[in-house]
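Visitor: output the structure for:
(one chain, ligands or ions: 1)
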Amino acid sequence: MKAEQEAPPPSPGLEGSAIRCREVCRSYGKLKVLSNLNLTVKQGYIYGLLGPSGCGKTTLLKCILGTLKISRGHISVLGKPPAFPGHQVPGRMVGYMPQDLALYNEFSISDTLTFFGRIHGLTTMDTQARMDFLVDFLDLPHNSSLVGKLSGGQKRRVSLGAALLQNPQLLILDEPTVGVDPVLRAKIWQHLVDIVKTGKVSVVITTHYIEEARQANVVGLMRNGRLLAEGEPETLMKQNSAATLEKAFLQLCETSDQVSSKHSTSPQGGVLESSQSFESSRDESQPILGAGPGPVEELPKYSVDWKVRVRHVMPKWRNIAALIIKTTVRMKRMPGSLCFQFLLPVIQISLMCLCIGGDPKGIQVAVVNNETSSSSFSQSLLSFLDNSSVQQVNLSHAEAFAGAYNGEYWGVIGFGKNFTSYLTKRMIQRQVSKEVVDGGSVHVWLDLTNQQIAMMLQKKLADAFEDFVQYKMGNMSYLASFPVKFEEPIYGSLNSDFTTFVTPGAVLSITFYLAVGLTALSFVIERKEGLMDRCWVAGVSSLETVLAHLISQLFVISIQVILLLLLMLLVFKIPNEGNLVLVIALIVLQGVTGISFGLVISSSIDDEQNANQAALGIFYPNLIVSGIIWPVECIPYPLRYISLALPQTYASEALRCIMYRGWGLSRMMVWRGFAVTLGWNTFFLILATVILKLRT
Ligand SMILES: Nc1ncnc2c1ncn2[C@@H]1O[C@H](COP(=O)(O)OP(=O)(O)OP(=O)(O)O)[C@@H](O)[C@H]1O
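Guide: You can find the predicted model right below:
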C-alpha cells in the first residue's frame, strides 16, 4: 500500500506543475468546446476555474482526468499524461468530485466511503479514521444514513467526502459548494487552503460563486472554451480596476467581446465568422492577462517498462472485489428487485409449462348419430373417445352444422343409420360395394382454423378407433387396424408433447433475456448518473467493471437456474436423461451470453429508453429464428444459415440432446452447442470491453 501512495517522479521539465495543458482541443461532434487551451496549475496551489455555464469547464476537467479524450494537444497531470500505464491518475493520486452527485442511493454514507476506500486500497482502520474525520468536518448525519434519503446539500457533502477520502495529491472539484450553507462553505475553503499549505496537494475547483474563488491562489477565467485571463485574484482585480472578482470578470468579458467584434469586422465592413477572426486576430489561446505558457516548450517523452504496461492492463482483484461487494450491498438493500430477479424466471417457466404444449381440454364436438341402438358400434366407438379433451354434443344433422358454422363446435362427427352392419361387412367380407364402404365409415367435418385443436381431434378419433377395433375384434383386430405400428421410441416417450420440445429452448431464452435486460439497464443507469466515470477516476478499469458485473450476475443466474430446474424437473416432470451438470453448465453459460450481450448494448447506448428498445427489439426475432418455438428445419434456407449462427440455436439443440437423449460432450450436437455459446460469450465480452474503452 505504501508503494502505491508514492507518486512517480515527474517527467523532466514538469517539476513544479501539477497540471499542464497545452493547445488542448476537444469537440463533441461539430461543437468545438475547447480551443487550443493552455493552462498550468502549480504544485501546492488552489486553482479556481471560473466561467459562464457551458463554457467548457467540466469538459476540461474530464480531459484532465482522462475520462474524455482530447482531440488535439497535450495534458500532463502529476508528471504524466492521464491514464498513462502505471500512473495513478486515474487512481488514488487524484480525488474527484463530479458535478453530478454520482453516488449510490442504496448505500449508506459509511458504505460509500468504505467502497471508495477499498478501491484506493485503504485499510479498514485508515478508512474508519478518515470517515470519522469527514463526517465531523463536513457536518454529515450519522454514517449509517442512506444516501438516497439525504438532502441535496448533504449528498453533495458526501460526494466531497468521497473525493477527499484518500488524501489525494490532486483534488478536482466540480462545483463542490453548490447547496452548501455559507458557514460550511467557508470551512471547506479553509480546509482546502490548509491542505495545499503542505505544498504536496494541489486543487482545481470550479464554482459559480465567483467571490469565493478569491481564496484561490490563481484563478482562470474561461469563456467559449478558451482561457480569457489567468492570475492571482488580487492582481486580476487590480489590473481591471475592479473592487470584486466578479466585476473584474465582467470587465474582462466586455474587453474580450470588443476585441472579437473589432477583429470579426472585415476591412470592407463585412462580418467574418468568429472562427476566422479567431485564426486571423490575436492568438486567443493566450490569456488576455497572465503569464501564458511562456516560450514554446518541447513535449517530454514518456517511456514505460513492459512489466508496468502488463500490470496496468491486468485486472486488480481488489477493485473487482470492491465492485462485487458494492453489487451485493445494493442487492441486499433492494429486496424487491432481488425477489423479482429470482422469481420472474420461475413464473415464466411455470406459465409456459402450464399454458403451452398441453392437449386442448373441453373441445365441443357435435355428434350426429343416426343409429339408435345402445349396442351399436357407433356408441361403442364414441365411448373410447377421450372425454376430457372432447365433449360430445348429440344433435340433429341441421343443428350440428348450424352450430359448427356458428363457431360453437370444432367439428361434426357423423354415423349413418347402418354404420354397425356396414362396418361389420367391411371387416369380414372380401369385397364390398362403395355404399357399404361409405356407410361403414365415420364421417368427420372439422373446423381447421385452429390447427392444434384440429390435429388433436384427428388424433383422438384415430386412437378411439384403434381401441374400439381392439375391443371388438381382439386377436383379429389386425384385419381393421392401421397397418403401421409405432414401436417403443428410440428416444423420448410416446406421450411427449410440444411442452417437451419447447422447454429447453425456453429455459435458455428466459435466462438469456433476463440477463440482457438487467445488465443493459444497470450499466446505462450507472453511466448516466456519472457512477462509472467516478469509479474510473478512482482507478477502476473497464475490464474490472465487466468482470465484477459478470461474477455478481453469475451468482444471480445460478440461483435462477437452480429454481428453474427444480420446478421443471420436479413439478412439471420434464424428463432429463442426461448429466445434470451439463444441463446446468449450458444454462449458466447462456446466462453469461445474456450478460455479455447486455454489456454490449449498455456500452454502446447512453439512455435507458434506447437500451430497452434494443433489448426488446432483438427478443422476438431471436426467439423465432433460433428454433425455440418451432423447428429450425421449417425455416427457409437463406434465413436458416442466420438461424444457425445465432447464440441459442445450437445451444437449444444441445440442451434437448442432453436432456432427452442423454448425450454427453462427446457428441457433436452437444459440444457444438457449448462451443457456439462460449464463442459468443468471448466475442460479446471483448466487444463490450473495447467499446467501453473507446468511449472513455
Ligand atoms: N456529452 C456531450 N455531448 C455533446 N455536447 C456536450 C456534452 N457534454 C457537454 N456538451 C456541451 O459542451 C459545452 C460545454 O459543456 P460543459 O459541461 O463543459 O460546460 P460547463 O462550463 O461545465 O458548464 P456548467 O458550468 O453549466 O457546468 C456545452 O455547450 C454542452 O452543451
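
Visitor: contact residues of this protein facing the ligand?
Guide: 28, 31, 33, 51, 53-59, 99 (CB under 6 Å from any ligand atom). Where C-beta positions appear, they are placed from N, C-alpha and C, glycine not excepted.

Visitor: which of those residues count as buried?
Guide: 33, 51, 55-59, 99 (16 or more other CB atoms under 10 Å).

Visitor: reformat those residues as TSV; add secondary structure.
Guide: TSV is the format used below for these (DSSP: H, G, I helix; E, B strand; the rest coil):
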residue	secondary structure
Val33	strand
Gly51	coil
Cys55	coil
Gly56	coil
Lys57	helix
Thr58	helix
Thr59	helix
Gln99	coil
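
Visitor: nearest to Ala515, of those residues?
Guide: Gln99 (32.6 Å; CB to CB).

Visitor: from Leu113, how far off is Val329?
Guide: Using CB to CB, to the nearest Å, we find Val329 at a distance of 13 Å from Leu113.

Visitor: between the two, which one's more packed in?
Guide: More crowded of Val329 and Leu113, by other CB atoms under 10 Å: Leu113, with 25 against 17.

Visitor: now the stretch 551-696 of the chain against the ligand: closest residue?
Guide: Asp606 (8.4 Å; CB to the nearest ligand atom).

Visitor: ditto for the stretch 251-400 of the chain
Guide: Closest point on the stretch 251-400 of the chain to the ligand, by CB to the nearest ligand atom, is Cys253, at 14.2 Å.

Visitor: what's near enough to touch that residue?
Guide: Counting by CB atoms under 8 Å, 6 or more residues apart in numbering, Cys253 makes contact with 223, 228.

Visitor: and it, what element?
Guide: Using DSSP states H and E, Cys253 sits in helix 245-264.

Visitor: okay, that helix in CSV with CA atoms only?
Guide: Only the C-alpha atoms of helix 245-264 are listed here, as CSV (Å, rounded to 0.1, in the frame of the first residue of the first chain):
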residue,chain,number,x,y,z
LEU,A,245,-13.5,39.4,-8.7
GLU,A,246,-17.0,39.3,-10.3
LYS,A,247,-16.6,42.8,-11.6
ALA,A,248,-13.1,42.0,-12.9
PHE,A,249,-14.6,39.0,-14.7
LEU,A,250,-17.3,41.2,-16.3
GLN,A,251,-14.7,43.7,-17.4
LEU,A,252,-12.6,41.0,-19.0
CYS,A,253,-15.7,39.6,-20.8
GLU,A,254,-16.5,43.0,-22.2
THR,A,255,-12.9,43.6,-23.3
SER,A,256,-12.9,40.2,-25.0
ASP,A,257,-16.2,41.0,-26.8
GLN,A,258,-14.9,44.3,-28.0
VAL,A,259,-11.7,42.7,-29.3
SER,A,260,-13.7,40.0,-31.0
SER,A,261,-16.1,42.3,-32.7
LYS,A,262,-13.3,44.6,-33.9
HIS,A,263,-11.5,41.7,-35.4
SER,A,264,-14.5,40.0,-36.8
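
Visitor: pull the distance from that helix to the chain's centre.
Guide: In terms of CA atoms, centre = their mean, to the nearest Å, the centre of helix 245-264 is found 47 Å from the chain centre.
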